[in-house]
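>>> For reference, the sequence and a predicted model appear below.
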Amino acid sequence: MLRELESAIEPIRQTISASGWKKLREAWALYRRVSERAVQTQRPVGVEIPDYGAEVLQIAARMHLDGDSLCAALLSRVYEQGWVTQEEIAGEVGEEAGFLCETIKSLPLFRFPGRMEAERMGEALVAEQAESFRKMLFAMARDLRVLLIRLCDRLHGLRVLEFLPVAQQSQIAHECRELYAPLANRLGISWLKNELEDLSLRYLHPVAFYDLVDKIDATKRERERYIEEVLDILRELMEKHQLRCEVYGRSKHLNSIYRKMARGGVSFEQLYDILAFRVLCETRDQCYQILGAVHDRWKPIPGRFKDYIAMSKNNGYQSLHTTVLGPRNKKIEIQIRTHHMHQTAEEGIAAHWLYKEGSDPQARVVEQFRWLRELLRLQDEKEDASELLATVRDRLHEGDVFVFTPNGAVRELPQGSTPVDFAYAIHTEVGNQCVGAKVNGKITPLRAVLSTGDIVEILTQPNSHPNRDWLKFVKTNRARSKIRSFLRLEQREKASVLGREMLEKALPAGQKLGKLLKSGAIEALCSAVGAATAEEVIMNVGYGKLDVSEVIRLLFPPEKPEPVVIDEVVKRPSENKGKSTILVGGMRDILVRFAGCCKPIPGDPIVGFISRGRGAVIHSADCAKVQSSDPARCIDVQWDVAPKGAHSVLLRVIADNRSGLLTQMTKAFSDLSINISAARCTTVDNQAVNTFECQVRDLEQLHHLVQKLGRVKGVTEVKRVRD
């Protein structure tokens, strides 16, 4: 049994302390007992359980984890299955291993549904993923080892994914590609990142994966001959310059080739730079000597040189990258680095994860990996769900452009980033107050694309604010999220101011909005109008989602008038008697007409206006025509039975002008079986202004329509229009 254990951790056996080795042997014995118990009781614990421990232990050993982490990696799966308790682990192995197992169990599962399901879930999916990220950040802040152990588990899961149902294969592969591969990359563990990406590609795009495998196998001999030819030239070149180096050549990883084909829209046969060569030397100075020798031997490709030694990546990666025209004018990439740089490039955070008595390696690692420090800080920031996800995605995906602040600090940004992206990377307020930028000392447009080495200075003004047009050219998720957040807040503030003005004007004489807010009168209306707070009631009035007259009616219910007979109101002929749609002064069977100016529909607050000899004309209670008429001719009317048939309503919908907008809006009408009798669509200042005349059954159906239109992407306002 111990032979299996020694075989699994052979790469790091000599680095484990005596106490660590003792714990690991005890953990191995516990794991084997638990596994046998699982088999005897025939309780399913996963198809890979007999081999899980040894295989995950091998991965963890390759990451050079400490003794407690190796024990937790070995036992975490059986602990999650409930086959062993934290107390048992703490008693036989140690409290540290038990704590790690419990923390790993608390790590969330991430859902990455397909495009259609993601669109259907909308904000609910964003909130769910944001909460999962918060849980992971909290666990990482407690102990980073839990993330490293989870990475070991996920890699093993991909290796045995063929045993699971197809639906689970896709979900796990998607999770690994979107979350764990970027995390492994940012932690600098390149071998782990490459295997995660290649295995994910196998299950997410199997046709493309196996097609690539076949094409690479078909050209294997030719490729190997070419690699040997280049390596011979490099060895000869190193000997000529008296440099002791090791040289290697390989094909790039499958996922890297697949991304190049997808990004460039080219076939495998059209790719020329699928080979990479690596030169390892002793010192930093030798790296630059080798670079000069290579450029003397082969012509470098302009724009394809990157110096990650002078300007290392956030994950500690250092190397010189250059692409040259090699033998037979084929493009080849050559990476030049020291042995120490190579160890950091391959092992990343694991190269620094050295546990010693009385030390705090987590603090040292977090300090060295600035992006990780910023990521952990997010657990304390009270950002909304969309902002948190945007920030996390920016932190996880590696930048290609390195720019400087005027003080010499380096900022890493994605390819295509602009000064606005840079401003928000510095601080949210710097981005919000940005009015211009200087790049390398010259005034530059905010939409200009930044290049590596640029020195960027952001010009700000305290009263400035983001422009909606910035969303057209910013590159980072953080900048886009912060701009949208500001614009939403600005809209809310405008709606609040407008809502207050409208309510102040509509209040009866002697009433003040401030007093009503203090007394809680508006707060009491929240449930009736579907709002959470009094401020939301006011904002909904400003947005036009809530009729001001409805709020006033709820605040000051009208006294029920005594039923009176009015001579001017005309009775219907007796032969037309039946269920009346309107009660006039408490009486049925009164001749009524519906006004064409305000077009009331069942459910609207209404008022009757006496027309001599022609009965009562029914208006909406807030109709301007009635309010400016003789109040003595107004009479109390009520809906008795909703009239059958459709009622004409005008709706104005304002939205961002984008492709497919009209299709999505008309679908909202179709889903509710509402007919559009006329439509007029125009654009003003890049805003689409759409006026629809439609036929609705009653106010409730109209409210459903307004809500459905309001959920269409880009719609900023839906308002009922009266003539």
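Alright, I've got the coordinates.

>>> Buried residues of stretch 459-469, list them for me.
For stretch 459-469, burial by neighbour count (16 or more other C-beta atoms under 10 Å) applies to residue 466. For the C-beta atoms, the positions are set from N, CA and C on the backbone; glycine is no exception.

>>> Could you do stretch 710-718 as well?
710, 712, 715, 717-718.

>>> of all the residues you listed, which two lie farthest apart?
Pairwise distances across the buried residues of stretch 710-718 peak at 11.6 Å for 712 and 717 (criterion: C-beta to C-beta).

>>> hmm, back to that, now, the buried residues of stretch 710-718 that are in strands?
Among those, DSSP state E puts 715, 717-718 in strands.

>>> Next up, the contacts around the nearest residue in space to residue 241 that is not next to it in sequence.
Nearest non-adjacent residue to residue 241, counting by C-beta to C-beta, 6 or more residues apart in numbering: residue 293, 5.2 Å away. For residue 293, the contacting residues are 237-238, 240-241, 243, by C-beta atoms under 8 Å, 6 or more residues apart in numbering.

>>> Serialize the residues you listed to a markdown table and add fields for neighbour count, secondary structure and pLDDT.
Shown next, in a markdown table, are the contacts of residue 293 (neighbours: other C-beta atoms under 10 Å; DSSP: H, G, I helix; E, B strand; the rest coil; pLDDT from 0 to 100):
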| residue | neighbour count | secondary structure | pLDDT |
| --- | --- | --- | --- |
| 237 | 19 | helix | 92 |
| 238 | 21 | helix | 92 |
| 240 | 10 | helix | 90 |
| 241 | 13 | coil | 89 |
| 243 | 16 | coil | 88 |
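
>>> which among these gets closest to residue 81?
Residue 81 lies nearest to residue 238 out of those, by C-beta to C-beta, at 53.5 Å.

>>> isn't that closest one right next to residue 247, touching?
Yes - taking C-beta atoms under 8 Å as the definition, residue 238 is a contact partner of residue 247 at 7.1 Å.

>>> Identify the contacts common to those two.
When contacts are counted by C-beta under 8 Å, 6+ apart, residue 238 and residue 247 have residue 279 as shared neighbours.

>>> picking up where we left off before, I'd like the ones in strands among the buried residues of stretch 710-718 laid out as a markdown table, including distance to residue 460 and pLDDT.
Below are these laid out as a markdown table (distance: C-beta to C-beta, whole Å; pLDDT from 0 to 100):
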| residue | distance to residue 460 | pLDDT |
| --- | --- | --- |
| 715 | 32 | 88 |
| 717 | 31 | 88 |
| 718 | 36 | 89 |
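
>>> three-state assignment of the residue nearest to residue 106 when sequence neighbours are not counted?
Nearest non-adjacent residue to residue 106, counting by C-beta to C-beta, 6+ apart: residue 139, 6.2 Å away. Three-state call for residue 139 (DSSP: H, G, I helix; E, B strand; the rest coil): helix.

>>> What residues does residue 139 make contact with?
103-104, 106-107, 146-147.

>>> Then residue 547?
Contacts of residue 547 (C-beta under 8 Å, 6+ apart): 541, 622.

>>> picking up where we left off before, okay, and the residue nearest to residue 241 sits in which element?
Secondary structure from DSSP states H and E places residue 293 in helix 284-297.

>>> Please apply the same query to residue 104.
Here residue 104 sits within helix 95-106, counting by DSSP H and E.

>>> Residue 617 and residue 597 touch, don't they?
No - using C-beta under 8 Å, residue 617 makes no contact with residue 597, being 9.5 Å away.

>>> Now do the lengthiest helix in the chain: distance to the chain's middle.
Longest helix in the chain by number of residues (criterion: DSSP state H): helix 477-506. Distance of helix 477-506 from the chain centroid (C-alpha atoms, centre = their mean, to the nearest Å) equals 23 Å.

>>> For it, buried residues please.
Buried residues in helix 477-506, counted by 16+ other C-beta under 10 Å: 477-487, 495-496, 498-500, 502-503, 506.

>>> and it, what does it pack onto?
Packing partners of helix 477-506 (3 or more C-beta pairs under 8 Å, 6 or more residues apart in numbering; DSSP states H and E): helix 385-396, helix 419-426, helix 428-432, helix 513-519, helix 534-543, helix 548-555.

>>> So for the second one, what gets flagged as buried?
Same thing as helix 419-426. In helix 419-426, counting by 16+ other C-beta under 10 Å, buried: 419-425.

>>> In the stretch 51-200 of the chain, where is pLDDT below threshold?
51, 111-131, 141 (pLDDT under 70).

>>> Can you check the pLDDT for residue 608?
What the model reports as pLDDT for residue 608 is 82.

>>> Just the element for it, please.
strand 606-611.

>>> ok, and for that strand, which residues are buried?
606-610.

>>> Likewise for stretch 524-533?
Those would be 525, 529, 531, for stretch 524-533 by 16+ other C-beta under 10 Å.

>>> possible to save those residues as JSON lines with secondary structure?
Shown next, in JSON lines, are the buried residues of stretch 524-533 (three-state DSSP):
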{"residue": "525", "secondary structure": "helix"}
{"residue": "529", "secondary structure": "helix"}
{"residue": "531", "secondary structure": "coil"}
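
>>> burial of the spatially closest residue to residue 473 that is not a sequence neighbour, as a residue count?
Leaving aside its chain neighbours, residue 473 sits nearest to residue 447 (4.4 Å; criterion: C-beta to C-beta, 6+ apart). Neighbour count of residue 447, defined by other C-beta atoms under 10 Å: 13.

>>> Distance of residue 56 relative to residue 107?
Residue 56 is 15 Å from residue 107, where distance means C-beta to C-beta, to the nearest Å.
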